[in-house]
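K.L.:
Predicted structure and sequence below. I'll ask about it afterward.
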Amino acid sequence: MAKPGPVLLTAACTALGALLLTSLPASATPPPGPRDPRPVREGAGRDDTAAPPRAPSAAARGGLVTSEAGPRRDGGYPRRTTLAVPPADPTDKSIKLGLAPYHSLAPRLNALQRLGDRVSVEVAGRSAGGHELYLVTVTAPESAREAGEQERMRERIENAPAAAAKDTRIKTAYKTPVFINNNIHGNEWEGTDAALELIEELATATDRKTAGLLAKTRVYLNVTANPDGRIAGTRANGDGFDLNRDFITASQPEARAIRRIAIDKQPAVMLDLHGYVNGTLIEPTTPPHGENYEYDLFLKNSYANALGMEKAVNGLGYTEAKDGVRPAVIPFRDEQEGWDDWPPIFTPQYMPFQGAVASHTIEFPMTVNNRAYDTLPGAELRRRSAINVGIAGAAMRATLDHTLAHRASVIADQIETFRRSAAGEAQRPVSEETVPGVPGIGPEDVYTTAFPRGYVIPAGRSQRSSVAAARLVDHLVANDVRVGRAADGSYVVDLRQPKRGMANVILAEGRDISADVSTMYDISGWSLGLLWGATVRKVTDGPLPVAVRTVHAAAATGSVAARGDLSLRLDDPKELAALNALLAQGVKVRRTADGSALVPGSARGAARALADRFGVVFRATKERGTAPLERTRVAASASAGEVFALREMGFEVVPVSTEILNAGFDWSSADVLFVSLGLDHGLLTPAAREALRASGVGVVGVGPAGAAFNAAAGLLPVTAVEGNGDANGVVAVRNAGGAITGGAPAHTFVYSPLWFTELGAGVRVEQSYGTGAPLVSGHWRASGADGRGGPVDAAGRASVISGTAAQGAPVVLFGTEPLFRDHPKGVFAQVGRALLGR
């Protein structure tokens with residue numbers, strides 16, 4: 001039985017109608033239907049989001065007591081910002097739900113700042129679509145001196161944790177940072193509205209409890225993490241990305257803004273508000289658990305806070321019979337598997353690496369998006385949204401209650417997390433003895449790792465790609481990992497540092513967890529050390545090279561040979577981008593036998609500019625080249641992440657689909673067709689098929705959709721064998737060399753892997769899965785009654801093939817996922833080279 005949680009925080013003041021978004025009255029409740037099975041978490045599996053085509057509100061009205069203070073410029077709190085008010089958008093999808101449209105947020109936040117001296121608003125960044133991201137801080141006022149002391153204490157907790165543990169001033173005066181992230185999935189709206197209500201409540205409450213809370217706490221609220229999706233009613237942002245899958249890659253500005261908040265504010269407790277799972281889902285999760293965490297400290301705090309949130313949510317009085325609302329669920333306690341915290345791609349799973357000792361996904365229960373949004377009556381949608389707002393608010397208030405009541409232990413555990421890491425101590429496996437108060441801990445919950453002594457990213461001839469090494473170093477630094485520079489130019493990552501978990505989760509090869517659980521929520525394998533194109537050496541024990549200075553940014557890597565023609569390797573997306581920039585300028589570039597680009601010496605000036613811009617190296621060469629390279633225009637039926645990666649390499653991309661081709665596509669605007677999603681050859685009209693055939697464009701196919709297109713169009717004579725459709729991870733490969741995989745890394749990424757057999761005449765194997773056990777890290781089991789489809793069946797089989805179709809067009813097929821979510825940077829170039837081979 002769950003222990004009683006803390007008393008729910010209540011405000012003594014009455015709600016002020018001019019600032020609150022009043023929920024509409026509940027409509028008649030329909031009788032509940034049969035109990036649904038546990039919902040499948042949205043967003044898992046291979047990305048299927050196609051690439052996107054590229055008035056003062058009530059809050060501004062008077063009648064309230066407002067502060068006369070102006071903007072603060074001395075570093076204290078409040079820090080007021082007069083937000084620019086965007087034009088009203090009557091198409092904002094929030095409006096139908098009775099929720100706050102994005103354009104109403106700025107005037108409302110401007111008004112909230114004038115209510116007193118507790119609320120500050122800052123612009124944390126801009127979305128992919130250009131919308132401002134609003135970060136609100138609610139706390140008791142601080143002078144510049146007091147705010148400076150808070151920052152010094154925060155830095156001491158991270159950088160001198162052993163001393164911080166004994167610091168009586170930290171114990172008595174440090175304000176616990178709590179971060180509440182809302183609406184990261186744009187069509188899961190209600191966290192934003194609950195946050196606005198909470199901000200006003202904290203701003204105006206006059207009771208001693210609220211004053212005490214704000215004297216000991218800083219509450220940070222990302223009001224909407226995804227304004228693009230909020231407006232459009234889409235899960236993804238304006239670039240088509242699921243932002244809650246982007247935290248190990250940080251390809252999107254919204255994810256980078258949250259990363260910056262995590263580093264600068266160092267939250268000890270964090271909530272991420274989502275929908276829709278009925279009953280309300282409150283993490284912690286099922287296994288497997290992230291092996292790079294100090295999970296004993298994390299589970300202790302997360303489970304205790306979850307119990308308080310559960311009590312608060314259930315205490316609202318909603319029932320399944322009356323309202324359609326089921327009791328809250330804590331996956332760690334109530335479920336076996338399928339809702340894990342293994343990968344660091346989600347916001348709450350990223351936050352522990354920046355110091356959070358409790359972080360939670362909260363899924364409110366009443367579905368209002370997708371089909372429900374389109375089919376339910378408006379009154380029913382508003383009834384459901386009002387319930388969700390109330391539940392989100394209850395979770396927020398319970399978390400603040402818990403944090404205040406357990407302030408000393410929460411701060412002590414954050415300090416201990418950093419102290420263990422800096423001291424190089426071993427993790428403590430979880431058990432009912434090491435985590436008292438958490439029932440049901442078993443061996444299935446124990447996930448730890450043996451941290452190496454550190455990593456070395458070599459320089460010079462020992463480094464396969466200086467531009468890739470620089471990108472990896474900059475990424476480590478951006479994630480607040482300490483990197484040093486040795487006398488020989490190598491970069492050194494000593495894991496005896498406060499954020500060793502962050503460093504290791506980025507650089508380690510990962511782990512094969514196929515035998516541990518039968519199913520996973522999302523990806524199970526990742527490794528920037530293996531997939532980002534740089535040479536990385538793990539030092540298990542023994543001394544590391546001595547770092548002679550701290551690195552704040554990677555050293556410049558670009559250079560151009562002084563004489564002769566120039567050779568540009570095409571192993572990295574930045575090298576492809578430099579090549580495409582040269583071709584766009586009309587420079588005559590030729591391909592060499594190993595897949596490099598031969599640039600005439602007459603283009604040395606353009607090469608210098610690109611070496612400076614992209615950090616690429618143009619070396620002297622005497623080669624003559626084998627064939628001209630030309631600017632390549634890509635018609636892409638692909639996911640948003642793949643289109644983003646293609647454009648990152650400098651390709652001109654035009655999104656296409658079955659519908660677009662059937663409507664009559666002008667093939668003179670494209671040189672090659674990229675197919676990984678949304679193009680079914682069997683559904684093309686005869687006219688569309690003939691237009692495609694007559695165009696003579698090359699084809700690059702990726703994954704099951706690419707293989708199916710190849711078979712239906714009769715391009716290459718091969719048989720594509722699909723492995724387990726849920727399998728994913730990092731795999732070892734053998735590269736054949738040549739124009740497509742010459743110089744490629746020995747690892748790649750797979751999701752729903754496939755391989756090619758029965759290769760016909762003229763089909764060349766460009767890459768094969770490694771022999772034996774190709775899976776390095778991830779989850780890949782055999783599937784089906786025959787027990788096939790696993791990595792053993794793929795071992796040694798062709799993973800990338802090429803050939804020429806009967807009509808003379810070049811074709812390349814990938815059984816891997818080389819552009820997955822813009823992540824495996826080191827293998828992008830295989831696709832880039834394939835596109836150039838048209």
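P.N.:
Now that the structure is in, tell me what you want to look at. Numbering: from 1, shown residues only.
K.L.:
got the contact list for the spatially most central residue of the chain?
P.N.:
Centroid check for the chain by Cα atoms, centre = their mean gives residue 246 as the closest residue, at 1.3 Å. Residue 246 sits next to 252, 255, 345, 821 when contact means Cβ atoms under 8 Å, 6 or more residues apart in numbering. Where you see a C-beta, it was placed from the backbone N, CA and C, and this is true even at glycine.
K.L.:
again, only using 6 Å
P.N.:
252, 255 (Cβ atoms under 6 Å, 6 or more residues apart in numbering).
K.L.:
now it: how far from residue 400?
P.N.:
Relative to residue 400, residue 246 is positioned 28 Å away (Cβ to Cβ, to the nearest Å).
K.L.:
What residues sit buried inside stretch 115-126?
P.N.:
115, 116, 117, 118, 119, 120, 121, 122, 124, 125 (16 or more other Cβ atoms under 10 Å).
K.L.:
Which ones among those map onto strands?
P.N.:
When those are checked against strands (DSSP state E), the matches are 119, 120, 121, 122, 124, 125.
K.L.:
would you list those residues in a markdown table and tack on pLDDT and distance to residue 211?
P.N.:
Listed next are these as a markdown table, based on pLDDT from 0 to 100; distance: Cβ to Cβ, whole Å:
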| residue | pLDDT | distance to residue 211 |
| --- | --- | --- |
| 119 | 98 | 14 |
| 120 | 98 | 17 |
| 121 | 98 | 21 |
| 122 | 97 | 23 |
| 124 | 98 | 27 |
| 125 | 98 | 32 |
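K.L.:
so which of those comes closest to residue 466?
P.N.:
Distance to residue 466 across those (Cβ to Cβ) is lowest for residue 125, with 29.7 Å.
K.L.:
Figure out the length between the terminal residues of stretch 115-131.
P.N.:
Distance across stretch 115-131, first residue to last, is 25 Å (Cα to Cα, to the nearest Å).
K.L.:
Pick out the most distant pair among the buried residues of stretch 115-126.
P.N.:
116 and 125, at 26.6 Å, using Cβ to Cβ across the buried residues of stretch 115-126.
K.L.:
Quick one: low-confidence residue ranges for this structure.
P.N.:
1-48, 53-73 (pLDDT under 70).
K.L.:
repeat that for 80
P.N.:
Applying pLDDT under 80 to the chain flags residues 1-74, 784-785, 838.
K.L.:
Of all the residues in the longest helix anywhere in it, which ones are buried?
P.N.:
In the chain, assigned by DSSP state H, the helix with the most residues is helix 378-405. The neighbour-count check on helix 378-405 (16+ other Cβ under 10 Å) flags 380-404 as buried.
K.L.:
Can you name every helix or strand that it contacts?
P.N.:
The contact analysis (3 or more Cβ pairs under 6 Å, 6 or more residues apart in numbering; DSSP states H and E) places helix 378-405 against strand 176-182, helix 190-204, strand 269-275, helix 295-314, strand 358-364.
K.L.:
now what about the last one, what contacts it?
P.N.:
Identification of contacts with strand 358-364 by Cβ under 6 Å, 6+ apart yields 269-275, 277, 280-283, 301-302, 305, 348, 351, 388, 391-392, 395.
K.L.:
now with 7 Å?
P.N.:
190, 269-277, 280-283, 301-302, 305-306, 348, 351-352, 388, 391-392, 395 (Cβ atoms under 7 Å, 6 or more residues apart in numbering).
K.L.:
What strands flank it, and is each parallel or antiparallel?
P.N.:
Here strand 358-364 is paired, per DSSP bridges, with strand 269-275 (parallel), strand 281-282 (antiparallel).
K.L.:
mind putting those in CSV, distance to residue 809 included?
P.N.:
Conversion of the strands paired with strand 358-364 to CSV gives the following (distance: least, Cβ to Cβ, whole Å):
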stretch, distance to residue 809
strand 269-275, 45
strand 281-282, 49
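K.L.:
what's the closest of the ones you listed to residue 695?
P.N.:
Nearest to residue 695, of all the strands paired with strand 358-364, is strand 269-275, at 44.0 Å by Cβ to Cβ.
K.L.:
Okay, angle between that closest one and helix 378-405 too, please.
P.N.:
170 degrees (axes from the mean of the first three to the mean of the last three Cα atoms, to 10 degrees).
K.L.:
buried stuff in strand 269-275?
P.N.:
269, 270, 271, 272, 273, 274, 275.
K.L.:
pretty sure the last one contacts residue 186?
P.N.:
Looking back up the chat, that one is residue 275. No: counting by Cβ atoms under 7 Å, residue 275 sits too far from residue 186 to count as a contact (11.4 Å).
K.L.:
Quick check: the gap between residue 564 and residue 623.
P.N.:
Counting by Cβ to Cβ - residue 564 and residue 623 are separated by 10 Å.
K.L.:
What's the end-to-end length of stretch 340-354?
P.N.:
19 Å.
K.L.:
Could you list the residues in contact with it?
P.N.:
With Cβ under 7 Å, 6+ apart, stretch 340-354 has contacts from 181, 184, 244-248, 258, 262-263, 266-267, 270, 272, 283, 285-290, 293, 298, 359-361, 480, 499, 501-502, 505, 520-524, 526.
K.L.:
same thing with stretch 774-788?
P.N.:
Contacts with stretch 774-788, where a contact means Cβ under 7 Å, 6+ apart, come from 509-514, 520, 524-525, 527, 724, 727-732, 747, 789-791, 794-795.
K.L.:
could you measure residue 603 against residue 217, distance?
P.N.:
On the measure of Cβ to Cβ, residue 603 and residue 217 end up 59 Å apart.
K.L.:
could you pull out the helices for the stretch 101-250 of the chain?
P.N.:
All helices of the stretch 101-250 of the chain, identified by DSSP state H, counting those that start in this stretch, fall at 102-113, 144-159, 161-164, 168-173, 190-204, 208-216, 227-232.
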